[in-house]
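Engineer: Here is a sequence together with a model predicted from it:
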Number of protein chains: 2
Amino acid sequence: MSSLRIGLLGHGTVGGAFEQLLGERATAIARLTAVTPEIVGVLTRSSGDFDEILERCDLVVELIGGVDPARDYVRRALDGGRHVVTANKQLLSRHGEELWSLARERGVLLGFEAAVAGVIPVVRVLRESLAAAHVERIHGIVNGTTNFILTEMTRSGCDYGDALAQAQRLGFAEADPTDDVSGADAAAKMAILARLAFGVPVHIDEVRSEGITQITSDDIAYAREFGLSLKLIGTAERLAQGISVRVHPAFLYSGHPLASVNGAFNAVTVESDAITEITMSGPGAGGSQTASAVLGDVVAAIGGARTLGPPLPPLAIIEDVVSAFYLHMEVDDRPGVLAQVAQLLGDAGASIKSVVQQGSGERAQLMMVTHPLPRSRLAVALERIEALEHVRAAPRAISVINEEFV
Amino acid sequence: MSSLRIGLLGHGTVGGAFEQLLGERATAIARLTAVTPEIVGVLTRSSGDFDEILERCDLVVELIGGVDPARDYVRRALDGGRHVVTANKQLLSRHGEELWSLARERGVLLGFEAAVAGVIPVVRVLRESLAAAHVERIHGIVNGTTNFILTEMTRSGCDYGDALAQAQRLGFAEADPTDDVSGADAAAKMAILARLAFGVPVHIDEVRSEGITQITSDDIAYAREFGLSLKLIGTAERLAQGISVRVHPAFLYSGHPLASVNGAFNAVTVESDAITEITMSGPGAGGSQTASAVLGDVVAAIGGARTLGPPLPPLAIIEDVVSAFYLHMEVDDRPGVLAQVAQLLGDAGASIKSVVQQGSGERAQLMMVTHPLPRSRLAVALERIEALEHVRAAPRAISVINEEFV
């Protein structure tokens, strides 16, 4: 029975959970693989020496997070012929190509299942789908904090601030939630997923992202009238002229497989010609879930898993994607306003699928869902609508994902 | 660039789809793995010679189905040091241990992702979960035909016969649907999943199974009153005294991740301490989906995937599992009948969670949901209830899966 010596960088919540889980599962892993994994060194802020740990180990588990000094550690570990397993999405969405390339050269694994979608094994599935099928599109709920907040707003009718406070009380949001609620966390994950799905390099800066801080309880309440539910959706899709990778709030029809994913859960739908679609869902990343994903990669390394193939030539990033939109406008409740708005939309090529007008004294709220059109054309119409005399504020637009499944 | 020579046994719908998909994906696979897969021989009923094909290939794809002669071919291929990829659930649920053992001895892969749940990569996920987490339970919708029929009954209110005819017209059911509607197909898949999840040998004969032919549109309509949806559910679970592997119709609360899986789809939920739960869903096995799963295993073989570990000692198979039940009785509409029924249930330790009585002239229908109790105790009560003067037919009982998620 041989052993796999692990150097553990970082010993916070996830590091501690990993150490415990490894202890519980070491016997089962040894039985299946004939290799016993064991931790031979731990680096924390206050103890341990990286060089010394590197010297003694076969595989490095990097759970420090952030770009520096993680990048340097991972680079040196790979360069020294060690497998690396990491949960570090910031690092991979910024410096992934450099690191994957190094892993390929040295013939080791750079595993990152834990970096993307909690316990959902989407990395492994995409790696295989990439070979066996032509992936057309990924839609994902890849941030549990924002999904919790939106679910809470939907469930209780409360506004964004209250839902955020609730998420913080329950430990689903950090004291500083910026990275989650701005969409930046989801953007990093979508960059990594797009690289996997399409085989081309994608940097986080190429992901257009929008968060949920502007969402009001009105949006959620009114959208119910159209049978929609609101999620922060990451999309990576292949288009005629290139690819689009983006994160923004979107309304889903109730039949969509992601529409019923509630609370601090993650879910990813992969669409391709051969498989039509696979949806995977599970809890977002708590300590023990992330530890479980990390350990899965350790087992994969024992089993001889390979790192990503070299990237294909980059594809153009398409900004102006086609989508249906939900529109929300505050207008004066007077005859002719709806006609003016409809005219401007029509002039821009936006055709209206459904409309609801709700009066409340002098004011009225106008909610619409359009048929699909390019975002740029909608923007032109919205600018003109905002300039109308009886429109009281900038109209708000949220994408509607209108594939209807089964 | 080296090549992987494939011998293809069977050239029906799946075999043809596999050959086409391989042609489309060979370049992408070669780019990722530096190995080009190619078909070097095809065995059909009327052409080709097995020994000659075996001689020339590195990997056998077995798509003949059935036990004989598939068992002999697979055995000889493994014995000759060839990888085997198969979609044959009957073979694996009856002779899996013999074949996995042979694959282990010869150091080759016996891949069977395509045998279990359409395009859902549940085999791969379970193999890894098994190492990284302690699987407690699997619930699956693993037969697309029966899920289509039940969905159709729910959607249109039609009865079983009409829904089956509809499934046959649309190509979702065979002319002879027995294997699907009896639960036998699902039982074979659950035997394989239980082996994966718990690491112990499970033969199809150890899976208690019940099909959907007895389900009436009344069951579905009345159950709506309790907020339940009806599915054919395969369960593999770890209990205090052993394991239970079974297939039967079950009502799911609307919050259950499998409750919203409709049409000819498959879905599997894996529960464990560390990951809490993962749900995967996707279309059931059409030709191109199965071909895609087969090709995934071919890629895994190229990537050095290993076959299953040796089995742990068998665990006792527990027949008398605890469950909540939906009960449906036809009774005379007279005072005291409900009290008698409730008394007999109470005597057997069955406590009632909710009850609906619907009169229709002289008759009434009594629908109940119980709190969880052992199936054997319920059986005692039902026997006594059937003997009551004013009960018109044997009461019917269907399990209710009452974990409430999120």
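Structural biologist: Done, it's in. Numbering: from 1, shown residues only, chains lettered A, B, ... in the order given.
Engineer: what's in contact with the top helix by length along chain A?
Structural biologist: Of all the segments assigned as helix in chain A under DSSP state H, the longest by residue count is helix A:13-33. Applying CB atoms under 8 Å, 6 or more residues apart in numbering or on different chains, the contact partners of helix A:13-33 are A:1, A:6, A:8, A:11, A:35-39, A:42, A:61, A:63, A:87, A:114, A:287-288, A:290-292, A:294-295, A:298-299, A:302-303, B:130-134, B:199, B:274, B:306, B:309-310, B:312. For every residue, glycine as well, the C-beta is placed using N, CA and C.
Engineer: Any chance of a PyMOL selection covering the buried ones in those residues?
Structural biologist: Buried members of the contacts of helix A:13-33, defined by 16 or more other CB atoms under 10 Å in any protein chain shown, are picked up in PyMOL with:
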select buried, (chain A and resi 6+8+11+35+36+37+39+42+61+63+87+114+287+288+290+291+292+294+295+298+299+302+303) or (chain B and resi 130+131+132+133+134+199+274+306+309)
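Engineer: Show me the contacts of helix A:13-33 that map onto helices.
Structural biologist: A:287-288, A:290-292, A:294-295, A:298-299, A:302, B:130-132.
Engineer: For the residues you listed, which two are the farthest from each other?
Structural biologist: With CB to CB as the measure, no two of those lie farther apart than A:287 and A:302, at 22.8 Å.
Engineer: For the stretch 201-350 of chain A, what lies in contact range of chain B?
Structural biologist: Counting by CB under 8 Å from any CB of the partner chain, the positions of the stretch 201-350 of chain A adjacent to chain B are A:257, A:260, A:262-263, A:265, A:273-283, A:288-289, A:291-293, A:295-296, A:298-300, A:303-306, A:309-310, A:312.
Engineer: From the chain's centroid, how far away is the longest helix of chain A?
Structural biologist: In terms of CA atoms, centre = their mean, to the nearest Å, the centre of helix A:13-33 is found 27 Å from the chain centre.
Engineer: buried set for that helix?
Structural biologist: Neighbour-count burial for helix A:13-33, counted by 16+ other CB under 10 Å, picks out A:14-19, A:21-22, A:25-26, A:28-33.
Engineer: what residues go with each domain of chain A?
Structural biologist: Chain A breaks down by automatic domain parsing into domains covering A:2-115, A:122-283, A:322-401.
Engineer: so for the shortest one, what's the average pLDDT?
Structural biologist: Averaged across domain A:322-401, the pLDDT comes to 89.
Engineer: Quick check: end-to-end length of it?
Structural biologist: End-to-end distance of domain A:322-401 (CA to CA, to the nearest Å): 10 Å.
Engineer: gap between that domain and the chain center?
Structural biologist: That offset, for domain A:322-401, works out to 29 Å (CA atoms, centre = their mean).
Engineer: my guess is residue A:203 contacts residue A:95, does it?
Structural biologist: No. With contacts counted by CB atoms under 8 Å, residue A:203 stays clear of residue A:95, the gap being 9.2 Å.
Engineer: Buried ones in the one helix or strand residue A:338 maps to, by neighbour count?
Structural biologist: Following DSSP states H and E, one finds residue A:338 within helix A:337-347. Along helix A:337-347, these residues count as buried under the neighbour rule (16+ other CB under 10 Å): A:337, A:338, A:340, A:341, A:342, A:344, A:345.
Engineer: Please list all residues in contact with the residue nearest to the last one when sequence neighbours are not counted.
Structural biologist: I take that to be residue A:345. The shortest distance from residue A:345 to any non-neighbouring residue, by CB to CB, 6 or more residues apart in numbering or on different chains, is to residue A:381 (5.1 Å). Residues near residue A:381 by CB under 8 Å, 6+ apart: A:344, A:345, A:347, A:348, A:350.
Engineer: How about the contacts made by the first one?
Structural biologist: Applying CB under 8 Å, 6+ apart, we find residue A:344 in contact with A:381, A:384, A:385, A:388.
Engineer: Kindly report the same for the last one.
Structural biologist: Counting by CB under 8 Å, 6+ apart, residue A:350 touches A:325, A:370, A:371, A:373, A:377, A:378, A:381.
Engineer: Grab the nearest non-local neighbour of residue A:39.
Structural biologist: Of all residues not flanking residue A:39 in the chain, residue A:6 sits nearest, at 4.9 Å (CB to CB, 6+ apart).
Engineer: I'd say the one you found and residue A:63 touch.
Structural biologist: No. Assessed by CB under 8 Å, residue A:6 is found out of contact with residue A:63, at 11.5 Å.
Engineer: quick one, phi/psi of the residue lying closest to residue A:316 once chain neighbours are set aside?
Structural biologist: Using CB to CB, 6+ apart and skipping the chain neighbours, the partner closest in space to residue A:316 is residue A:242 (3.2 Å). Phi and psi for residue A:242, reported as degrees, to the nearest 10, are phi 160, psi -140.
Engineer: I figured residue A:151 hits residue A:259, correct?
Structural biologist: No. Residue A:151 is beyond contact range of residue A:259, at 11.5 Å (criterion: CB under 8 Å).
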